[in-house]
Each structure stands twice: as structure tokens, then as C-alpha cells.
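A.B. asks: take a look and give me a structure for this.
(chains A and B)
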Amino acid sequence: SQQGEEDPQALSIQEGENATMNCSYKTSINNLQWYRQNSGRGLVHLILIRSNEREKHSGRLRVTLDTSKKSSSLLITASRAADTASYFCATSGITGGGNKLTFGTGTQLKVEL
Amino acid sequence: EPEVTQTPSHQVTQMGQEVILRCVPISNHLYFYWYRQILGQKVEFLVSFYNNEISEKSEIFDDQFSVERPDGSNFTLKIRSTKLEDSAMYFCASRGLAGGYGANVLTFGAGSRLTVL
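C.D. replies: I've put the predicted structure just below:
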């Protein structure tokens, strides 16, 4: 499998429910980030978690990181229709000064009214 | 809020033609990137640029590709002879100085959609 694979590939929920997306990666990382992409648009940074952190919160977002399992999860609580988008995890490697981000395959989230 | 701007938003070109995609990164950023996303696929790293030179490039970024920062504000991606498989959304991104919490966070432009016929 490739660096940064998310599951599920697609997720459909009702407004008000929580959405959980998972990301797995293969190599050691400096940090892991989550980005959001609305259809046909650019990526927007949501949250960053460093390799020595286990959990991070930002508003309705909660990110966990398990470096022993090389996995991360993004939880969106009390989802809204406006949360409908694709969500990507992106890893920053240890070498090269963390110069580039390697993106996962993405989860398409649809929040229905 | 500062943003990365890209032009054109959509370009249609014939196979074999040269294409230049333009980006204006955030003014005080020092690291610049190009990524591409083929329709329905993941976002792929192409190249990073710092201090007026390429710092890293992927296997995709072959001799047909080049980048330039011609005037201290624009950052361009040139594809010399386009192929059908170059059809994709091309994203420019930039980030600030190394070190600190926000250093590794990229700000992306809205993208330039390239269609090669």
C-alpha cells in the first residue's frame, strides 16, 4: 500500500452525526496533517499533529495519532451539511527538513440534511 | 487573509504544446511547491523550490517540466510538450520559514485545471 491511505474511501452520514476518518502511513514522520478539499477547489489546512503528540483538538475536530501503528484518525463531531468535502491526511517525513507533504488517497464525506 | 493565487483557472491545449501555469505565493513565504491531482486520484507532489532552486522533485517531474521564479513574486510551472496524461489539476502551494508550529503547513491555491486534447 502507499504512504497515506485513508478509509473509508467514502462516508455518508446525517447532519448532527459524528464522522470518523482513518489514515495509515508507512514511513516515520515528523508530523501529520489533515486537509479538506471542496469539490474542484484547493486544499485547506485543518489541523497538524506532531509525532510526539497523541491527540489534538480544534473546534469540532479531534485528531489522534498512534505512531506505533502508524495511523491517525480525524473525528468531526456534530457534522453539518457544509462539512461535505474530501478529507486528506498528509505526512511530513523526518528527512529533508519536512520539505514536502505526502498526501493520502482521501475520504469523501457527504453530510445529508 | 493572505492567499495563493493561480492562473489560469482552466487551460485547454493540444498535445505537444507548451503550457505555463502561474502562481503568486503568499508574499512573505519562502518555500514553494507544485502538486497535481489527476481527476479522482490522490494529490501528488511534483516539486519544491527554495532559495531560487529546486530542493526536491518527484519522478513525475521529468525533463518536460521546469519551474521558475522570474521576478520575486510569480512562481511558474512550465510543461514543454504536453501529453494526454498531463491532464490534471495543478496546485501551487507555499509556506513560511522553517521552525515553529506553522512552518510545515502549506497554503494552497485554488488550482489550474489543464486539459490536454
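
A.B. asks: now the strands for the chain?
C.D. replies: You didn't say which chain, so I picked chain A. A:5-7, A:10-14, A:19-24, A:29-37, A:43-50, A:55-58, A:61-66, A:71-76, A:85-93, A:101-103, A:107-112 (DSSP state E).

A.B. asks: my bad, chain B
C.D. replies: Under DSSP E, chain B gives strands at B:5-7, B:10-13, B:19-24, B:31-37, B:43-50, B:53-57, B:65-68, B:75-79, B:88-95, B:107-108, B:112-116.

A.B. asks: would JSON lines of those with distance to A:Glu112, mean pLDDT and mean neighbour count be doable?
C.D. replies: Every C-beta, even on glycine, is put in place using the N, C-alpha and C of the backbone. Shown next, in JSON lines, are the strands of chain B (distance: least, Cβ to Cβ, whole Å; pLDDT from 0 to 100; neighbours: other Cβ atoms under 10 Å in any protein chain shown):
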{"stretch": "strand B:5-7", "distance to A:Glu112": "32", "mean pLDDT": "96", "mean neighbour count": "17"}
{"stretch": "strand B:10-13", "distance to A:Glu112": "30", "mean pLDDT": "97", "mean neighbour count": "14"}
{"stretch": "strand B:19-24", "distance to A:Glu112": "36", "mean pLDDT": "97", "mean neighbour count": "19"}
{"stretch": "strand B:31-37", "distance to A:Glu112": "25", "mean pLDDT": "94", "mean neighbour count": "24"}
{"stretch": "strand B:43-50", "distance to A:Glu112": "26", "mean pLDDT": "93", "mean neighbour count": "22"}
{"stretch": "strand B:53-57", "distance to A:Glu112": "41", "mean pLDDT": "92", "mean neighbour count": "14"}
{"stretch": "strand B:65-68", "distance to A:Glu112": "41", "mean pLDDT": "96", "mean neighbour count": "17"}
{"stretch": "strand B:75-79", "distance to A:Glu112": "38", "mean pLDDT": "97", "mean neighbour count": "20"}
{"stretch": "strand B:88-95", "distance to A:Glu112": "26", "mean pLDDT": "95", "mean neighbour count": "25"}
{"stretch": "strand B:107-108", "distance to A:Glu112": "27", "mean pLDDT": "93", "mean neighbour count": "22"}
{"stretch": "strand B:112-116", "distance to A:Glu112": "28", "mean pLDDT": "97", "mean neighbour count": "19"}
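
A.B. asks: grab the nearest non-local neighbour of A:Ser12.
C.D. replies: Spatially, and ignoring its direct neighbours in sequence, A:Ser12 is nearest to A:Lys110 (4.5 Å; Cβ to Cβ, 6 or more residues apart in numbering or on different chains).

A.B. asks: return the residues in contact with the one you found.
C.D. replies: Residues near A:Lys110 by Cβ atoms under 8 Å, 6 or more residues apart in numbering or on different chains: A:10-13, A:84.

A.B. asks: and of the strands of chain B, who's closest to A:Cys89?
C.D. replies: For these, proximity to A:Cys89 was assessed by Cβ to Cβ; strand B:43-50 is nearest, at 11.0 Å.

A.B. asks: ok, the closest one near chain A or not?
C.D. replies: Yes. Judged by Cβ under 8 Å from any Cβ of the partner chain, strand B:43-50 comes into contact with chain A at B:43-45, B:48, B:50.

A.B. asks: between the strands of chain A, which gets nearest to B:Glu85?
C.D. replies: strand A:101-103 (19.1 Å).

A.B. asks: ok, residues contacting the closest one?
C.D. replies: Residues outside strand A:101-103 that contact it (Cβ under 8 Å, 6+ apart) are A:3-4, A:25, A:33, A:35, A:88-93, B:35, B:42-45, B:104, B:106.
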